[in-house]
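In: Got a sequence here, can you model it:
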Amino acid sequence: MDAEKALEELEKVEENTPIFKNVGSLLLKAKGKEEVVKELKEEKESLEVRKNTLEKQETRIKEKIEELQTKIQNSLSSPQAS
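Out: Take a look at the predicted model:
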């Protein structure tokens with residue numbers, strides 16, 4: 001993740017080093033290292049929650065697909081009443 005890489009790099013930077021961040025298409029000077037670290041940690045947490053949500057959705061969709069495949073296969077293999 002970009003946020004993880006940025007946090008790793010920020011650990012190497014001294015407190016008084018100027019730090020810039022993207023805001024839309026602009027590059028603005030941040031108020032301080034702590035502000036940027038806090039924002040990146042929040043972003044990372046948000047992305048992890050979103051990732052977990054998507055993984056759960058993916059699992060449910062796969063289960064539903066398997067269930068539907070089984071129903072279709074059973075319908076196709078069972079003799080049809082005329």
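
In: Check whether R50 sits in a helix, strand or coil.
Out: Using DSSP: H, G, I helix; E, B strand; the rest coil, the structure places R50 in helix.

In: burial measure for it, as a count.
Out: 10 (other C-beta atoms under 10 Å). For the C-beta atoms, the positions are set from N, CA and C on the backbone; glycine is no exception.

In: can you check L40 too?
Out: For L40, the neighbour count with other C-beta under 10 Å is 19.

In: Report the mean per-residue pLDDT for the helix or strand hosting it.
Out: Using DSSP states H and E, the element containing L40 is helix 33-77. Here helix 33-77 scores 95 as its mean pLDDT.

In: same for that helix, what does it pack against?
Out: helix 2-12 (3 or more C-beta pairs under 8 Å, 6 or more residues apart in numbering; DSSP states H and E).

In: Could I get the CA-only coordinates of the helix it packs on as PDB?
Out: This file holds the C-alpha atoms of helix 2-12, laid out as PDB (Å, rounded to 0.1, in the frame of the first residue of the first chain):
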ATOM      1  CA  ASP A   2       1.100   3.500  -0.700                       C
ATOM      2  CA  ALA A   3       0.200   4.600   2.900                       C
ATOM      3  CA  GLU A   4       2.500   1.900   4.300                       C
ATOM      4  CA  LYS A   5       5.400   2.900   2.200                       C
ATOM      5  CA  ALA A   6       4.900   6.600   3.000                       C
ATOM      6  CA  LEU A   7       4.800   5.800   6.800                       C
ATOM      7  CA  GLU A   8       8.000   3.800   6.400                       C
ATOM      8  CA  GLU A   9       9.700   6.700   4.700                       C
ATOM      9  CA  LEU A  10       8.400   9.200   7.300                       C
ATOM     10  CA  GLU A  11      10.000   7.100  10.100                       C
ATOM     11  CA  LYS A  12      13.400   7.900   8.500                       C
END
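
In: Give me the angle between that helix and helix 33-77.
Out: 150 degrees (axes from the mean of the first three to the mean of the last three C-alpha atoms, to 10 degrees).

In: what's next to helix 2-12, contact-wise?
Out: For helix 2-12, contacts defined as C-beta atoms under 8 Å, 6 or more residues apart in numbering pick out 19, 33, 36-37, 40-41, 43-44, 47.
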